[in-house]
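Enquirer: 3D, please:
(one chain, ligands or ions: 1)
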Amino acid sequence: MANLLEKYIGGFTAIALTFGSFIACGTQMYKVSVADDFDNQRATAAHPPSADKTSTLYGIHAPHGWQDLPVPFRFSTEMNEGQKIHLMAAMKKWEWAIGRRIFDFTGEHAGTNGDSFQDLYSSLQDDINGYYLDDHWGKTKKSDHVLATTIWNNGVDYSIIKKSDIRFNNEYYLFGDSLELRSTPARVVVDMQSLALHELGHLLGLAHIDESVDSLSIMNPELLIGEGLTTRMLSRGDLERIQMIYGCEGKSCDIEAMIKEQESVDWDKLTLTAKRWMQTPGESPTLELH
Ligand SMILES: [Zn+2]
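Expert: Purely as a prediction, here's the structure:
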């Protein structure tokens, strides 16, 4: 795995110097590219402003998003409790960003995981919006270093999304809470909540955002991975862009207050709310941050 990572991300290893203490403890840490985690070419062709840094629609591949909210979803059978909780925490964070419900947890996709599908796009052929772990990543035709990939079907045109799946590279990475998990010689820890925030951004209609435009965006095409490393915050730009698609309700319309809240509240409550949600399919506990 070390060779594999060096091959693909050698250019990013310099950042390790900044975190000497982590390295001294033997922790693996890498900043990896997530540029290939969704079909950027297709998104750009469908909606050219999404790649135009001067456009107000920069970074938005589906300007009308999902028409019918909440979006029902199911989990891969083999996904463990921690992975589900942190994925759902990322969902609740995007819901916090617009002030209303986006997702509807309807249970497991029984007997199904990434390996149940013959290739990447065949999981789009059913009606279920699923989150799947893939133990044989080569089948997706994505490089080994790609952490996960979000795929989707549009509605009558590119501006609407009507079905989407996320596939996780379970062959080369270990997904969960990076504050607790330990990497193995074969698989590097990836913080599920951080990665899911990024992938769900794609699922909701967002494209990549260049660091030169918004260096704090969760949609930057790179992510820190490794033990103890998380990127669980949304930038001002992330809030503005998601609200351009879905609007805002209540206190979420006050972006300044939202940024202050994000910096000051105890986000452990997000994980606790996600845990309650996982235990009660069909219901969606309210996130109480205060
Ligand atoms: Zn991405």
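Enquirer: where is the longest strand in the chain?
Expert: strand 160-169 (DSSP state E).
Enquirer: neighbouring contacts of it?
Expert: 62, 64-67, 114, 120, 123-124, 127, 129-134, 137, 140, 142, 144, 146-155, 175, 195-196, 199-200, 203-205 (CB atoms under 8 Å, 6 or more residues apart in numbering). Quick note: C-beta positions are derived from backbone N, CA and C, even for glycine.
Enquirer: do stretch 192-199 as well
Expert: 34, 37, 82-83, 86-87, 89-91, 93-94, 147-150, 166, 168, 175-178, 218-219, 223-225, 229-232, 234, 271.
Enquirer: ok, of those, which come out buried?
Expert: Among the contacts of stretch 192-199, those scoring as buried are 34, 37, 82-83, 86-87, 89-91, 93-94, 147-150, 166, 168, 175-178, 218-219, 223-225, 229-232, 234, 271 (criterion: 16 or more other CB atoms under 10 Å).
Enquirer: which of those fall within strands?
Expert: Per DSSP E, the buried ones among the contacts of stretch 192-199 map to strands at 148-150, 166, 168, 175-176, 223-225.
Enquirer: distance to the ion and pLDDT for those residues - can I get that in a markdown table?
Expert: As requested, these are exported to a markdown table (distance: CB to the ion, whole Å; pLDDT from 0 to 100):
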| residue | distance to the ion | pLDDT |
| --- | --- | --- |
| A148 | 9 | 97 |
| T149 | 8 | 97 |
| T150 | 7 | 97 |
| I166 | 11 | 98 |
| F168 | 13 | 97 |
| F175 | 16 | 98 |
| G176 | 20 | 97 |
| L223 | 8 | 95 |
| L224 | 14 | 93 |
| I225 | 14 | 95 |
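Enquirer: of all the residues you listed, which comes closest to Y246?
Expert: Of all these, T150 has the smallest distance to Y246: 17.1 Å, by CB to CB.
Enquirer: so the closest one touches L206, yeah?
Expert: No. The pair T150 / L206 is not scored as a contact, 10.0 Å apart, by CB atoms under 8 Å.
Enquirer: smallest distance to the ion belongs to which residue of the stretch 51-200 of the chain?
Expert: H198 (5.5 Å; CB to the ion).
Enquirer: cool, the chain as well?
Expert: For the chain, CB to the ion, closest residue to the ion: D37, 4.0 Å.
Enquirer: now that residue: closest residue in space that isn't a chain neighbour?
Expert: T149 (5.0 Å; CB to CB, 6 or more residues apart in numbering).
Enquirer: wait, a helix at the residue of the stretch 51-200 of the chain closest to the ion?
Expert: Yes. Assessed with DSSP: H, G, I helix; E, B strand; the rest coil, H198 lies in a helix.
Enquirer: hmm, back to that, what residues are up against the residue of the chain closest to the ion?
Expert: 146-150, 198-199, 202.
Enquirer: flag every residue of this structure that's near the ion.
Expert: Listed as neighbours of the ion in the chain under the rule CB under 5 Å from the ion: 34, 37.
Enquirer: and the longest helix for the chain?
Expert: Scanning the chain for the longest helix, with DSSP state H as the assignment, gives helix 81-98.
Enquirer: for that one, packing partners?
Expert: Contacts defined by 3 or more CB pairs under 8 Å, 6 or more residues apart in numbering; DSSP states H and E place helix 81-98 against strand 103-109, strand 173-176, helix 192-204, helix 236-246, helix 268-279.
Enquirer: any idea which of the ones you listed is most buried?
Expert: helix 192-204 (a mean of 26; mean count of other CB atoms under 10 Å).
Enquirer: using CSV, write out every CA atom in that helix.
Expert: Only the C-alpha atoms of helix 192-204 are listed here, as CSV (Å, rounded to 0.1, in the frame of the first residue of the first chain):
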residue,chain,number,x,y,z
MET,A,192,-15.9,8.5,7.0
GLN,A,193,-17.6,11.7,8.1
SER,A,194,-15.0,13.8,6.2
LEU,A,195,-15.1,11.8,3.0
ALA,A,196,-18.9,11.4,3.2
LEU,A,197,-19.3,15.2,3.5
HIS,A,198,-17.4,15.6,0.2
GLU,A,199,-19.1,12.7,-1.6
LEU,A,200,-22.6,13.8,-0.4
GLY,A,201,-21.7,17.2,-1.8
HIS,A,202,-21.5,15.6,-5.2
LEU,A,203,-24.6,13.7,-4.6
LEU,A,204,-26.5,16.9,-3.8
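Enquirer: please state the offset of that helix from the chain centre?
Expert: Remark: helix 192-204 is offset 1 Å from the chain centroid, using CA atoms, centre = their mean, to the nearest Å.
Enquirer: that one to strand 160-169, inter-axis angle?
Expert: 150 degrees (axes from the mean of the first three to the mean of the last three CA atoms, to 10 degrees).
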